[in-house]
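*Asks:* fold the following.
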Amino acid sequence: MSEKVIVIYSGGMDSFTVLHKALADGKKPYALSFNYGQRHKKELDYAARVCDELNVPHKIVDISAINALVGGSALTDDIDVPEGHYEEPSMKTTVVPNRNMILLSLAVGYAVSEEATKVYYGAHSGDHAIYPDCRPEFVEKMNDVCAIANYEAVEIVTPYLKVSKTAILTAGLQMGLNYGKTWTCYNGREKACGKCGACQERLEAFRDNQATDPLAYEA
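*Replies:* Residues are numbered from 1 along each chain as shown. Reported below is the predicted structural model:
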């Protein structure tokens, strides 16, 4: 019987690749998505469609009430979404305080209830400069905590923690994945803006792989 794992699945490129890696590794993934009051829900719609196609169990959990406590991000509040390269200092306005610790804690609880042994999430090296909760030292400490927080130890798995988004895309393309089934843009309009940091990093990854992004862009 396949090992059960929980995959934190946003509907974006990284978690899409992680989900398929879990499947390719012979795991039985349970996808978990969060509505944490982000600027738009488009990525959650993409996540739901993919899980339906793959027949992967999927929960979308509304935790938007946490915004009464952890505001101040361009992804959750009425703050302009910054444009430009992903590693620019302006991208720090997209940090949601303590987001991954909160999401991982909930995912670990779900893992224990489902008798799953691992929680996967898609942190990568490109996030390190901006998001403290995507850095190797954070993952290491969370793993220490998750080993003792319950009677059952749960491992935090980050397959792409030390590689770039370009390398994640390379791995996904080698698996034959269709990234037209993912949404990355910080804006939730009909087409991706092509200007925000998330779009810029995504497009850079496709250029580095000499591939064409199947997603439609405004410009």
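*Asks:* now the biggest strand by length in the chain: buried residues?
*Replies:* Using DSSP state E, we find that the single longest strand of the chain is strand 28-35. For strand 28-35, a neighbour-count test (16 or more other C-beta atoms under 10 Å) marks 29, 30, 31, 32, 33, 34 as buried. For glycine as for every other residue, the C-beta is placed from the backbone atoms N, C-alpha and C.
*Asks:* now the first one: how far from residue 12?
*Replies:* Residue 29 sits 16 Å away from residue 12, going by C-beta to C-beta, to the nearest Å.
*Asks:* next: the fifth one.
*Replies:* For residue 33, the distance to residue 12 (C-beta to C-beta) stands at 10 Å.
*Asks:* what does residue 143 give?
*Replies:* Going from residue 143 to residue 12 by C-beta to C-beta gives 23 Å.
*Asks:* these two: which has the busier surroundings?
*Replies:* Higher neighbour count among residue 143 and residue 12: residue 12, with 20 against 17, using other C-beta atoms under 10 Å.
*Asks:* doesn't residue 184 make contact with that one?
*Replies:* Yes. Assessed by C-beta atoms under 8 Å, residue 12 is found in contact with residue 184 at 5.2 Å.
*Asks:* quote the end-to-end distance of stretch 149-162.
*Replies:* 26 Å (C-alpha to C-alpha, to the nearest Å).
*Asks:* any stretches of the protein with poor pLDDT?
*Replies:* Along the chain, segments meeting pLDDT under 70 span 39, 70-96, 126-130, 219.
*Asks:* for it, longest helix please?
*Replies:* helix 99-114 (DSSP state H).
*Asks:* other residues contacting the helix or strand following that one?
*Replies:* Remark: after helix 99-114, the chain's next helix or strand is strand 118-120, criterion DSSP states H and E. Strand 118-120 is contacted from outside by 3, 5-8, 18-19, 21-22, 27, 29, 104, 107-108, 111, 146, 154-159, using C-beta atoms under 8 Å, 6 or more residues apart in numbering.
*Asks:* what are the boundaries of the strands in the protein?
*Replies:* Going by DSSP E, the chain shows strands at 4-8, 28-35, 58-62, 118-120, 155-157.
*Asks:* quick one: list the elements packing against the second one.
*Replies:* Okay, so that is strand 28-35. On a contact count with 3 or more C-beta pairs under 8 Å, 6 or more residues apart in numbering; DSSP states H and E, strand 28-35 meets strand 4-8, helix 13-24, helix 42-54, strand 58-62, helix 99-114.
*Asks:* within the sheet, what are the partner strands of that strand, with directions?
*Replies:* Looking at strand 28-35 with DSSP bridges, its partner strands are strand 4-8 (parallel), strand 58-62 (parallel).
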